[in-house]
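>>> Sequence first, predicted coordinates after that:
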There are 2 protein chains.
Amino acid sequence: MRISELARRSGVPVGTVKYYLREELLPAGEPTSATQAQYGEEHVARLGLIRALLGTGGLSISTARAVLAAVDDPELSAHDMIGAAHSALPTMVGNERPDLGAAHAHLRRWGWQVHHDSPAVSVLAQALQALQAAGFDTPNALLDRYARAAHELGEQDVAEVPMDSPVEAVRFVVIGTLLLEPVLLSLRRLAQEDVSARRLFRWPDA
Amino acid sequence: MRISELARRSGVPVGTVKYYLREELLPAGEPTSATQAQYGEEHVARLGLIRALLGTGGLSISTARAVLAAVDDPELSAHDMIGAAHSALPTMVGNERPDLGAAHAHLRRWGWQVHHDSPAVSVLAQALQALQAAGFDTPNALLDRYARAAHELGEQDVAEVPMDSPVEAVRFVVIGTLLLEPVLLSLRRLAQEDVSARRLFRWPDA
């Protein structure tokens, strides 16, 4: 297909497609003349992934380029390739460098296999520090419950990753990881409201 | 106790305590002279709640004042009082006004009792729209799984609210609702990483 058709199919304006070609996020097409080239289905899929990284993920061009380099590396296992995208995603995190000790102690307790410096470990560590600073108790039983719920979701999330192509797998992981986060948080708040409504939630002396 | 002792006990500077008194977030103490007053334990607890609302919650003074008015209203049920704080908390939400239809259809399917215009319904609706726009399928089975996990956490969250005083209950809800959110999201990402590592996650043709 010509670039105009590629743009139409992928919902990305022609000027933006040309920008991604110049930035080498999108591989060049097959030249058919000095100024024209043919593009294939792999370009449509690749544009879907680029949109997920830059749009949904909010990654910078250079971070997206590093993720795409992982996607293009035939030596990488799926775990490492997907991990490159997963760990590049933005998190609810400040810029502090928290003490990771307590977070890692919990992860060891659960036997979870994660990189020592996964961004999510920092998020967990910062959140635990903030809870402590606010005088909010987080006994193991509470965190175990959250870990169990998160692990059940994680099992299913990973089981659903389409493994037929690296490009589709990474696109799925970027979108699913990020866009299901507000779903999960809003459902937790709505569940809290539902439970509160059901219990009527009277004061003990009322 | 004197204002200096109140400041020390609550970890809030004297100038800030005076500001909260002027803004009528903190009730006046018992006057002991033209320029001095005595404060009690209820002032210490109240300052803890004010800090939770303004600091952790990031509420504006006027929103915090409205929440505190609910806390001071002896006619309100615990559900309504806590709900006033809960629904004032910031959410992961843009400024759009999404179509709430699909979100409410799911909530009805689950039989959840929530206000039609709870802020979390908007968050859910926006997230569902964003997933759809990204071409990410959200079949009922997927959302049901997230709803089930969220409801189990919500049950426990609500069960742990200390019901001995409205001030403590609302403070607990503000801190627990907000500060456990990054815990939940980071645990989901770490669980995904753990599951991916365990499955080794090879490409089918590798």
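Perfect, thanks for sending it. Please read all numbers here as calculations on a predicted model, not as lab measurements.

>>> could you give me the average pLDDT of stretch A:179-195?
Stretch A:179-195 carries an average pLDDT of 97.

>>> Going by neighbour count, which residues of stretch A:72-82 are buried?
When burial is assessed from 16 or more other Cβ atoms under 10 Å in any protein chain shown, stretch A:72-82 yields the following buried residues: A:76, A:78, A:79, A:81, A:82. The C-beta positions use only the backbone N, C-alpha and C, and glycine is treated the same way.

>>> next one: phi and psi at the first one?
Residue A:76 adopts backbone torsions of phi -80, psi 140, taken as degrees, to the nearest 10.

>>> so who does it touch?
Taking Cβ atoms under 8 Å, 6 or more residues apart in numbering or on different chains, we find residue A:76 in contact with A:70, A:84.

>>> rerun that using 6 Å as the cut-off
In this structure, residue A:76 makes contact with residue A:70, judged by Cβ atoms under 6 Å, 6 or more residues apart in numbering or on different chains.

>>> and if you look at the last one?
The contact partners of residue A:82, taken as Cβ under 6 Å, 6+ apart, are residue A:173.

>>> repeat that with 7 Å
Applying Cβ atoms under 7 Å, 6 or more residues apart in numbering or on different chains, one finds that residue A:82 lies in contact with A:169, A:170, A:173, B:196, B:201.

>>> for the fourth one, same thing?
Contact analysis of residue A:81 by Cβ under 7 Å, 6+ apart lists A:70, A:71, A:166, A:170.

>>> Contacts for stretch A:130-150, please.
Defining contact as Cβ under 7 Å, 6+ apart, one finds that stretch A:130-150 is touched by A:106, A:110, A:128, B:52, B:56, B:149, B:152-153, B:156, B:175-176, B:179-180, B:183-184, B:187-188, B:191.

>>> now do stretch A:99-117
Everything outside stretch A:99-117 that qualifies as a contact, by Cβ under 7 Å, 6+ apart, is A:121, A:122, A:124, A:125, A:128, A:143, A:147, B:190, B:193, B:194, B:197, B:198.

>>> between the lengthiest helix in chain A and helix B:166-198, how big is the angle?
If each helix of chain A is counted by residues according to DSSP state H, the longest one is helix A:166-198. Between the axis of helix A:166-198 and that of helix B:166-198 there is an angle of 150 degrees, by axes from the mean of the first three to the mean of the last three Cα atoms, to 10 degrees.

>>> quick one: which helix or strand includes the closest residue to residue A:128 other than its chain neighbours?
The spatially closest residue to residue A:128, leaving aside those adjacent along the chain, is residue A:102, at 5.4 Å (Cβ to Cβ, 6 or more residues apart in numbering or on different chains). Secondary-structure assignment from DSSP states H and E places residue A:102 in helix A:101-110.

>>> Give me the mean pLDDT for that helix.
Per-region confidence: helix A:101-110 scores 97 on mean pLDDT.

>>> Identify each buried residue in that helix, please.
By neighbour count with 16+ other Cβ under 10 Å, helix A:101-110 contains the buried residues A:102, A:103, A:104, A:106, A:107, A:110.

>>> follow-up on the earlier one: I'd like the contacts of residue A:82 written out as JSON lines, with neighbour count and distance to residue B:4 added.
What follows is the contacts of residue A:82, written out as JSON lines (neighbours: other Cβ atoms under 10 Å in any protein chain shown; distance: Cβ to Cβ, whole Å):
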{"residue": "A:169", "neighbour count": "21", "distance to residue B:4": "61"}
{"residue": "A:170", "neighbour count": "24", "distance to residue B:4": "59"}
{"residue": "A:173", "neighbour count": "24", "distance to residue B:4": "55"}
{"residue": "B:196", "neighbour count": "24", "distance to residue B:4": "55"}
{"residue": "B:201", "neighbour count": "20", "distance to residue B:4": "60"}
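
>>> pLDDT-wise, what's the bottom of those residues?
The member of these with the lowest pLDDT is residue B:201, at 68.

>>> okay, the buried residues of stretch A:72-82 in a markdown table with secondary structure and pLDDT next?
Formatted as a markdown table, these follow (DSSP: H, G, I helix; E, B strand; the rest coil; pLDDT from 0 to 100):
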| residue | secondary structure | pLDDT |
| --- | --- | --- |
| A:76 | coil | 91 |
| A:78 | helix | 91 |
| A:79 | helix | 92 |
| A:81 | helix | 93 |
| A:82 | helix | 94 |
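
>>> Dump the contacts of residue A:82 to JSON lines, plus distance to residue A:22.
Formatted as JSON lines, the entries for those read as follows, by distance: Cβ to Cβ, whole Å:
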{"residue": "A:169", "distance to residue A:22": "26"}
{"residue": "A:170", "distance to residue A:22": "22"}
{"residue": "A:173", "distance to residue A:22": "27"}
{"residue": "B:196", "distance to residue A:22": "33"}
{"residue": "B:201", "distance to residue A:22": "33"}
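
>>> Which member of those residues is positioned nearest residue A:9?
Looking at the contacts of residue A:82 and their distance to residue A:9, the nearest is residue A:170, at 19.6 Å (Cβ to Cβ).

>>> picking that back up, also compute the angle for the helix holding residue A:102 relative to helix B:166-198, please.
The directions of helix A:101-110 and helix B:166-198 differ by 60 degrees, with the same axes, to 10 degrees as the criterion.

>>> Now do the helices in chain A.
In chain A, the helices defined using DSSP H lie at A:3-10, A:14-22, A:41-51, A:61-71, A:78-86, A:101-110, A:119-133, A:140-159, A:166-198.

>>> for the longest one, which positions count as buried?
This means helix A:166-198. A:166-167, A:169-197.

>>> Looking at the helices of chain A, which is nearest to residue B:28?
Closest to residue B:28 of the helices of chain A is helix A:119-133 (Cβ to Cβ; 28.6 Å).

>>> Mind listing what's buried along that closest one?
Within helix A:119-133, the residues that count as buried by 16+ other Cβ under 10 Å are A:119-131.

>>> which one of those residues is nearest residue B:21?
Residue B:21 lies nearest to residue A:130 out of those, by Cβ to Cβ, at 27.0 Å.

>>> And the closest one, how far from residue B:179?
As judged by Cβ to Cβ, to the nearest Å, residue A:130 and residue B:179 stand 5 Å apart.
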